[in-house]
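> structure for the following, please:
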Amino acid sequence: MNQTQTLEKLRNLRLFGMENAFETALQTQQSFTVDQMVAYLVEAEWDDRQNRKVNRYLKAAHFRYPASIEEVDFHTPRNLDQNNFLRLADMSFIQKKENIIITGPTGTGKSFLSSAIGHQACIKGYKTAYFSTGKLFAKLQTARVDRSHHKIIQKIEKTDLLILDDFGLWPFEQMARLDLLEVIEDRHGKASTLIASQIPLPNWYDIIGDQTIADAILDRMAHHAHRIKLQGESLRKNKKK
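All right, here's what the predicted structure looks like:
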């Protein structure tokens, strides 16, 4: 079997990492022992599959911002503790099935921080979904018409990290309250949820609108959750200045 046939078979088997690595080795005329060549090809295939997996996760998450942990601003005063935030970046909170709540005034970077944490989760190999809260529950309400509601709920339940941004910008109707309770209940102790809101946590009772449902949601979501309470002026206004 000649080298061209080998490359073609690797391509047909969808071993693209091996194909590229083998082609590179031929072009550079690198010298390998048999075990070195096997290790080289396997490592290349592993890296290629991991990279494609991360790219799939990033694309499927639909983040608002293409943010990363490295881009987070720790210099502007806004009550963001660098050490605490970077501890979250190791994603151990996902392994422990813990939640995160980010609150603060408009423009203090809640969405960017949420996207950065989600981006890091994808890199670490965790399935992540990012939603604007109002749009998600409007989507779930519409899904009841075409009977795809249960399918969406199941898909959300299977994500390792669910990010609900802009929580509280729209008042909750009864069906949205029940949907929120179902989502939080399904994930409680099984997967992590991050909620970002400009509404302080004590005011969530008023936003949710039903004391009993609010109690159930906050008991499951806020108990032992990691809290980030941003303060200060809008970063966007500061940039304009």
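
> mind checking which helix or strand the residue sitting nearest the centre point of the chain is in?
Centrality entry for the chain: nearest residue to the mean C-alpha point is residue 118, 2.9 Å, by Cα atoms, centre = their mean. Using DSSP states H and E, residue 118 sits in helix 110-123.

> what does residue 180 give?
Following DSSP H and E, the helix or strand that holds residue 180 is helix 174-187.

> before we move on, the earlier item: can you list the strands that the helix or strand that the helix holding residue 118 is followed by pairs with?
As assigned by DSSP H and E, the chain's next helix or strand after helix 110-123 is strand 128-132. When pairing is defined by DSSP bridges, strand 128-132 lines up against strand 161-165 (parallel).

> about what we covered before: tell me how far the residue nearest to the centre of the chain lies from residue 30.
Relative to residue 30, residue 118 is positioned 39 Å away (Cβ to Cβ, to the nearest Å). To be clear about C-beta, it is placed using only N, CA and C from the backbone, and glycine gets the same treatment.

> just the helices in the protein please.
For the chain, applying DSSP state H gives helices covering 3-12, 16-28, 34-61, 82-88, 92-95, 110-123, 133-143, 149-157, 174-187, 204-208, 211-221, 235-240.

> do you know which of these lies nearest residue 71?
helix 110-123 (6.8 Å; Cβ to Cβ).

> pull the residues that contact the closest one.
54, 57-58, 61, 63-69, 71-72, 80, 85, 88-89, 91, 94, 100, 102-104, 128, 130, 160-161, 163, 165-166, 194, 196-198, 228, 230 (Cβ atoms under 8 Å, 6 or more residues apart in numbering).

> show me the shaky parts of the chain.
Scanning the chain for pLDDT under 70 picks out 1, 235-241.

> domain ranges for it, per the record?
Using automatic domain parsing, the domain parsing of the chain gives 3-60, 64-240.

> now residue 168: closest residue in space that isn't a chain neighbour?
Nearest non-adjacent residue to residue 168, counting by Cβ to Cβ, 6 or more residues apart in numbering: residue 199, 3.8 Å away.

> hmm, that neighbour is touching residue 171, no?
No: using Cβ atoms under 8 Å as the test, residue 199 is too far from residue 171 to be in contact (11.2 Å).

> what touches both of the two?
Listed as contacting both residue 199 and residue 171 by Cβ under 8 Å, 6+ apart are residue 207.

> and stretch 196-206, which residues are buried?
196-198, 201, 204 (16 or more other Cβ atoms under 10 Å).

> next one: stretch 93-105
93-94, 98-104.

> start to end distance for it?
Taking Cα to Cα, to the nearest Å, stretch 93-105 runs 25 Å from one end to the other.

> and the contacts of it?
78-79, 88, 110, 113-114, 117, 121, 124, 126, 160-161, 189-201, 221-222, 224-234.

> all good on my end, thank you.
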